[in-house]
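*Asks:* sequence and computational prediction follow.
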Amino acid sequence: MRKPLLFIALSLLIFAKPKEPLKGFLPTKKGDYATVNPGRPSLIWAGRFSLVEGGGPGDLSMNFVEELRSRGTEVIFYRWFPADYHYLYGGRDDPLMKWAYENRRTATLNPEGPFPHCQESGYDWCQDFYFDLGNPSVRKKLVDYLHGLLSHGLYSGIFFDWASGVFILEEPYLPMRENFRIKHPGASYLLEVVKTYELLRKTVGKKVIVTNQAFRNPGILAWVDYDMTESYGTGSEYLGKVLRVEGRGVVEVPQTLYYPVSPDPLRGSLKDTLQYLDYLWKLRKKAPVSFKNFIYLNYAAPEFKEVSPGLYRALTPRNAIFFGYCVAKLRGFISYTEVPFDRSLERTDLYFYDLGKPRGKAYEKIPGGFVRFYTGGFVVVGEWEEPVKICLTSPLLRENAVVYDLYENSWAGRVKDRSLCITIRPEKDPLRGEAAPSGRVFLYPSGFMERIH
């Protein structure tokens, strides 16, 4: 009688659709990386990640950072890499900027202007000065200052924006480029940027260094831990849509762009997204082992659900978050998605389930999309217009494993003869009026068969 009873119990569990994941069966871990909203930080949320970036050095309270550290979470602060603001109305310059401003003829590339970033942003309170990184004394001053900020032990590292230095190739920065050429004939600004990171790494040791799109100047990757891309999976833009939203009134609301790297995001494709994904993977393979990984930081708009005639509620954009996550996982990258309209809506348990390590050399083609296998499950990404049943056969599937569909919160079936059929139900993209691309996560519950027995 044991086998029939076991079969019935197993069947009931596999085909049941619980309202919440059976967390006791699903492998979990700390999340890899998150950004913290300094205006309304959540200690509980941030403390569930291994590494978080929380704005400038003074944006989070000392007690908040210390409490995170006690929970095993490393905290890094934000820093603009090639430049800094000089405040026009009051003594708010930090010590480095105060020194650079007083010595701006030798320490900066634009001692008399222009100040393009402040002007383009409409900031009437600042001037943006760009450090002359070709000057060894300036490089040392910058690195010593950053080392001093880290030496107190509160922060574990730094996140650098504008990290690559390629801004100097853009038209508004031509005066800075010309000034550098005159001051350092035959030198390369981008190479001096790499030298600055090299000096920083040798000075700060094992402190965490995260950069934003340093891959555009690939030599930097040898001297940093992580490099970030922004909106390479999804983006959030205001495109003129107005709704009456609970707690907000009548406001313009953002919309999610599923193909932000495509020439036309409204008519883009997953193919465009994968080109960038594959390019970064090639860079990662060439980078030294000290470079740990790429981080895909995405943005998404909430889902807006009509709860009464003409009134909408902002909800967590699950499809967009899952899609951004799964795109990154096709190559084993880290993923996090911000929801700028309401940062509380980005808090999902997706980041805390453990896929384990990637299996196989790369992602694989399936009808309408792609799959990447992991030791703890697999992810699927694709463009399907209607619900579709896909049968997977691969030696990388775990034989006899029951499989949980994290998006649907239901059991997907059981692997037999290294085969499994799954169902994908696409969500509608309100912006384009058609099916949105899908990203789905499937997990092997840990200890499931042991618990059944």
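*Replies:* Ah, there it is. Note that the coordinates shown come from a computational prediction; the quantities given were computed from them, not determined experimentally.

*Asks:* how about the strands of the stretch 101-250 of the chain, start to end?
*Replies:* Secondary structure of the stretch 101-250 of the chain (DSSP state E, counting those that start in this stretch): strands at 126-130, 157-161, 208-212, 226-230, 235-245, 249-257.

*Asks:* Lys286 is nearest to which of those strands?
*Replies:* Smallest distance to Lys286 across the strands of the stretch 101-250 of the chain (Cβ to Cβ): 12.8 Å, for strand 226-230. Every residue, glycine included, has its C-beta placed from N, CA and C.

*Asks:* what average pLDDT does stretch 149-161 get?
*Replies:* Confidence for stretch 149-161, expressed as mean pLDDT, is 96.

*Asks:* ok, and what's touching that stretch?
*Replies:* Stretch 149-161 has contacts (Cβ atoms under 8 Å, 6 or more residues apart in numbering) with 51, 53, 57, 62, 65-66, 69, 74-81, 146, 204, 207-212, 214, 225, 228.

*Asks:* which among these end up buried?
*Replies:* 51, 53, 57, 65, 69, 74-79, 81, 146, 204, 207-212, 214, 225, 228 (16 or more other Cβ atoms under 10 Å).

*Asks:* can you give me the helices in the stretch 301-450 of the chain?
*Replies:* 318-329, 448-452 (DSSP state H, counting those that start in this stretch).

*Asks:* now do the first one against strand 226-230, angle only.
*Replies:* Looking back up the chat, that one is helix 318-329. With axes from the mean of the first three to the mean of the last three Cα atoms, to 10 degrees as the basis, helix 318-329 and strand 226-230 are set at 140 degrees to each other.

*Asks:* ok, and what's touching helix 318-329?
*Replies:* By Cβ under 8 Å, 6+ apart, the list of residues contacting helix 318-329 from outside reads 232-234, 256, 258, 273, 277, 294, 296, 298, 300-301, 303, 334-335, 337, 346, 348, 350-351, 355, 372, 374, 379-381, 407, 427, 436-441.

*Asks:* give the ChimeraX command for selecting the buried subset of these.
*Replies:* Burial among the contacts of helix 318-329 is assessed by 16+ other Cβ under 10 Å; the matching ChimeraX selection reads:
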select :232,233,234,256,258,273,277,294,296,298,300,301,303,334,335,337,346,350,351,355,372,374,379,380,381,407,427,436,437,438,439,440,441
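
*Asks:* which of the contacts of helix 318-329 fall in strands?
*Replies:* Among the contacts of helix 318-329, the members falling in strands (DSSP state E) are 256, 294, 296, 298, 303, 334-335, 337, 372, 374, 379-381, 438-441.

*Asks:* give me the beta-bridge partners of the residue nearest in space to the middle of the chain?
*Replies:* Centre of the chain computed as the mean C-alpha position; nearest residue by Cα atoms, centre = their mean is Leu297, 2.1 Å away. On the basis of DSSP bridges, Leu297 is bridged to Glu230, Tyr336.

*Asks:* mind listing what it touches?
*Replies:* Neighbours of Leu297 in contact, by Cβ under 8 Å, 6+ apart: Thr35, Met228, Thr229, Glu230, Ser231, Tyr336, Thr337, Glu338.

*Asks:* now do 6 Å
*Replies:* Met228, Glu230, Tyr336 (Cβ atoms under 6 Å, 6 or more residues apart in numbering).

*Asks:* save those residues as TSV, and put in distance to Ser290 too.
*Replies:* Converted to TSV, the contacts of Leu297 look like this (distance: Cβ to Cβ, whole Å):
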residue	distance to Ser290
Met228	17
Glu230	23
Tyr336	22
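
*Asks:* how many neighbours does Gly122 have?
*Replies:* The number of residues packed near Gly122 is 6, by other Cβ atoms under 10 Å.

*Asks:* what residue ranges in this structure are flagged as low confidence?
*Replies:* Applying pLDDT under 70 to the chain flags the ranges 1-24, 447-453.
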